[in-house]
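J.: Structure here, sequence nowhere to be found:
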């Protein structure tokens, strides 16, 4: 009887075990047959906050720093005075060139008038030539009459020769005056050419000097911010320093043009598309996040820390004052949905 009961228990246990295994296999089959769910994946990368617009402030002339109104890393707005310059030397140079040009233009006007024969000296030469030509013309006519008298025996050869010498002298006077006028004109032309060349150079110098004063960041004798929302960096000079024409005074980052530059591994760049949504998490506070989009993908890879990456530019949709230039961030770039 005990054996029968034991056999019955074993039989029931085996049946239960068999039923359990069969149910598991059927569940596994059903699970494998279930449709695949859509999964959204993201490419993760490291990035840095950058400004797309950086302005290097270089007036391009020599001046002294009278006062520095800002500090490295200070935020500024359009019109804020950054540095006041001592412009006395530069303004004196500009005034000197303008005065020289004015004097040259007056001299050029006189030379042009002289070339046209309206200047007093030139006019006198031309009047003298006209008189000499008239005298010579009359003398030639009289010489013709003298020759007729010579041939008729009314005057001697000596008298004729003496008169002819006076006619030759009148001709020489005409030739000398013509030569003087030509020499005068040539001299005037050389002088005119030199003065016009110098005037042209002065006009160019003055225009360049005024152009430097007319730059967007120059106002009177001050350097001012020419961006609506900026931050100062690379401030090289102190009060009393002299700035040179070839070195910048400072730089401005335009905070309204902040973007993220992310290094995406070459392994995943194929999954990154223009316009893809991006989640931006600053390392300064990982509880914060910002939204953005892929704006540009570089056309070349770069080597960095032994890895090959492609720089991806990401716009920031909801940036605020928390994000600062050069902040480090983690980014998650959404990939296309896969089935």
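T.: Perfect, thanks for sending it. This one's a predicted model, so the numbers in the text were calculated from it and none came from an experiment. Numbers count the residues shown, from 1 in each chain.
J.: Every contact and neighbour count from this point should use C-alpha atoms.
T.: Noted.
J.: Spell out which residues make up each domain of this protein.
T.: Annotated domains of the chain cover 1-34, 42-53+256-334, 90-213 [automatic domain parsing].
J.: Residue 67 is nearest to which of those?
T.: Residue 67 lies closest to domain 90-213 among these, at 17.1 Å (Cα to Cα).
J.: So for that closest one, mean pLDDT?
T.: The pLDDT scores in domain 90-213 average 82.
J.: pull the longest helix from this structure.
T.: helix 157-213 (DSSP state H).
J.: ok so, going back, got JSON lines for the domains of the chain, with mean neighbour count and distance to residue 239 too?
T.: Shown next, in JSON lines, are the domains of the chain (neighbours: other Cα atoms under 10 Å; distance: least, Cα to Cα, whole Å):
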{"stretch": "domain 1-34", "mean neighbour count": "11", "distance to residue 239": "76"}
{"stretch": "domain 42-53+256-334", "mean neighbour count": "17", "distance to residue 239": "27"}
{"stretch": "domain 90-213", "mean neighbour count": "15", "distance to residue 239": "18"}
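J.: Toward the C-terminus, what is the element adjacent to the longest strand along the chain?
T.: The single longest strand within the chain, with elements called by DSSP state E, is strand 290-304. Beyond strand 290-304 on the C-terminal side, the first helix or strand identified by DSSP states H and E is strand 307-316.
J.: I'd like to know the average pLDDT value across that next one.
T.: Across strand 307-316, the average pLDDT comes to 96.
J.: For it, enumerate the helices and strands it packs against.
T.: In terms of contacts (3 or more Cα pairs under 8 Å, 6 or more residues apart in numbering; DSSP states H and E), strand 307-316 is packed against strand 258-265, strand 290-304.
J.: Tell me the neighbouring strands of the next helix or strand after the shortest one, and mark each as parallel or antiparallel.
T.: Using DSSP H and E, the helix or strand that follows strand 258-265 in sequence is strand 277-282. Strands adjacent to strand 277-282 in the sheet, as given by DSSP bridges, are strand 290-304 (antiparallel), strand 328-334 (antiparallel).
J.: what about the helices in the stretch 1-150 of the chain?
T.: Taking DSSP state H, counting those that start in this stretch as the criterion, the stretch 1-150 of the chain carries its helices at 2-33, 88-115, 120-152.
J.: rewinding a little: now render the strands paired with strand 277-282 as a markdown table, adding distance to residue 137.
T.: A markdown table is the format used below for those (distance: least, Cα to Cα, whole Å):
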| stretch | distance to residue 137 |
| --- | --- |
| strand 290-304 | 88 |
| strand 328-334 | 100 |
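J.: Contacts only, for residue 233.
T.: Going by Cα atoms under 8 Å, 6 or more residues apart in numbering, residue 233 touches 72-74, 250-253.
J.: With residue 250 as the reference, measure out to it.
T.: Here the criterion is Cα to Cα, to the nearest Å. By it, residue 233 lies 6 Å from residue 250.
J.: what packs against the longest helix of the chain?
T.: If you count contacts as 3+ Cα pairs under 8 Å, 6+ apart, helix 157-213 packs onto helix 88-115, helix 120-152.
J.: and the angle for the shortest one with helix 157-213?
T.: Taking axes from the mean of the first three to the mean of the last three Cα atoms, to 10 degrees, helix 88-115 and helix 157-213 form an angle of 150 degrees between their directions.
J.: Backbone torsions only: list them for the closest residue to residue 53 other than its chain neighbours.
T.: The shortest distance from residue 53 to any non-neighbouring residue, by Cα to Cα, 6 or more residues apart in numbering, is to residue 254 (5.5 Å). Backbone torsions of residue 254, given as degrees, to the nearest 10, read phi -90, psi 110.
J.: which residues does residue 254 bridge with?
T.: residue 230.
J.: Use 4 as the first number from now on
T.: In the new count, where the first residue is 4, that last one comes out as residue 257.
J.: number of nearby residues for it?
T.: Residue 257 has 24 neighbours, counted by other Cα atoms under 10 Å.
J.: Quick check, it in contact with residue 59.
T.: No. With contact defined as Cα atoms under 8 Å, residue 257 does not reach residue 59; the gap is 11.3 Å.
J.: measure residue 85 to residue 256 for me?
T.: Separation of residue 85 from residue 256 (Cα to Cα): 14 Å.
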